[in-house]
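Undergrad: can't give you the sequence, but here's the structure:
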């Protein structure tokens, strides 16, 4: 039996191809192993960030690919089609991190009523959050349209939630206005919703072509196009959350606000810009936010279930907005996956769309 995998060249993300990977026969799976059919998965600009940061943050390590290529991790759903684990039956549905592929072998470990972990050796060096699978059979929150929203937004909103918590923990570093670049991105407007909910002024930075969509969202107090950042007043302290990853934009904002730039947090790379030599920027030194580190911190601070409880409350307040501002588009088959991948890579996906994909015909 083979799996069809969609892989990309690690040194040139525009180069992609399909490969066939031989899977172990279901009758001779290793002890406790599962053969999972990847039903469908979400694909957003965040997955492009995974690819851009594949080497630095070990994303390429999660699902091995031939030399020089990588399999981009995606959030989605799988069905167990063979099981050598006594507590997991054929037909179970799992939600978690999958390769862009038709199948995956999972070495089930730490199996509980609600979840399991892939204990494969090559996955042990990555953050544990990426190895966890939720057992979602029969759960209406993970079925149909609601399931699509979970796959598309839940992982991104978790990032929004963690960044907001980091800022709140530090009293927004003294700022009462927060600038978000790539304001139309799903992680950005999730963060904007949380910031707005706790009384911060949220300024969305976006391209002229996306102002209509960003303006339709109820969570931005002001919208400024990239070419007009010099029009922003500099008399009050601000914090900047960089979803775009543009060195030129980041430098421009720092020089514009000077010492009023109280925090500069790097989160995304939607613009896929290569870092330029910015020199010493005025204001707060830009820093990368790495979600797994903050998860570990809060797991210790809040105890068992603390993150899940707080996140669940935040998600229930965010989900109604999604129904109004996001349309889900489902595409199936290798050619469709390639098309959506390249359109996402080149910034051609309308911000109001969320794409669910499957390599299965």
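TA: Looks like it came in fine. Quick caveat: nothing in here was measured; it's all calculated off a predicted structure.

Undergrad: For residue 301, pull up the helix or strand it's in.
TA: For residue 301, the element it lies in under DSSP states H and E is helix 291-302.

Undergrad: Can you spell out which helices and strands pack onto that helix?
TA: Helix 291-302 sits against helix 144-169, helix 306-325, with contacts defined as 3 or more C-beta pairs under 8 Å, 6 or more residues apart in numbering; DSSP states H and E. From N, CA and C alone the C-beta is placed, and that goes for glycine too.

Undergrad: could the ones you listed go into a markdown table alongside mean neighbour count?
TA: Below are the helices and strands packed on helix 291-302 laid out as a markdown table (neighbours: other C-beta atoms under 10 Å):
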| stretch | mean neighbour count |
| --- | --- |
| helix 144-169 | 21 |
| helix 306-325 | 14 |
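
Undergrad: would you list those in a markdown table and tack on distance to residue 214 and mean pLDDT?
TA: Formatted as a markdown table, these follow (distance: least, C-beta to C-beta, whole Å; pLDDT from 0 to 100):
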| stretch | distance to residue 214 | mean pLDDT |
| --- | --- | --- |
| helix 144-169 | 15 | 94 |
| helix 306-325 | 10 | 91 |
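
Undergrad: Now distance to residue 47 too, for the ones you listed, in TSV please.
TA: Formatted as TSV, these follow (distance: least, C-beta to C-beta, whole Å):
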stretch	distance to residue 47
helix 144-169	10
helix 306-325	18
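
Undergrad: Kindly tell me how buried the closest residue to residue 120 other than its chain neighbours is, as a neighbour count.
TA: Nearest residue to residue 120, sequence neighbours excluded (C-beta to C-beta, 6 or more residues apart in numbering): residue 107, at 4.7 Å. By other C-beta atoms under 10 Å, 20 other residues sit near residue 107.

Undergrad: still on that earlier bit, just tell me which of the helices and strands packed on helix 291-302 ends up closest to residue 354.
TA: helix 144-169 (4.2 Å; C-beta to C-beta).

Undergrad: Helix 291-302 and the closest one, what's the angle between them?
TA: Per axes from the mean of the first three to the mean of the last three C-alpha atoms, to 10 degrees, the angle that helix 144-169 makes with helix 291-302 is 70 degrees.

Undergrad: ok, then the element right after helix 144-169?
TA: strand 177-180.

Undergrad: Can you work out which other helices and strands pack against the next helix or strand after that next one?
TA: The C-terminal neighbour of strand 177-180 among helices and strands, as given by DSSP H and E, is helix 186-197. In terms of contacts (3+ C-beta pairs under 8 Å, 6+ apart), helix 186-197 is packed against helix 45-52, helix 144-169, strand 177-180, strand 201-206, helix 306-325.
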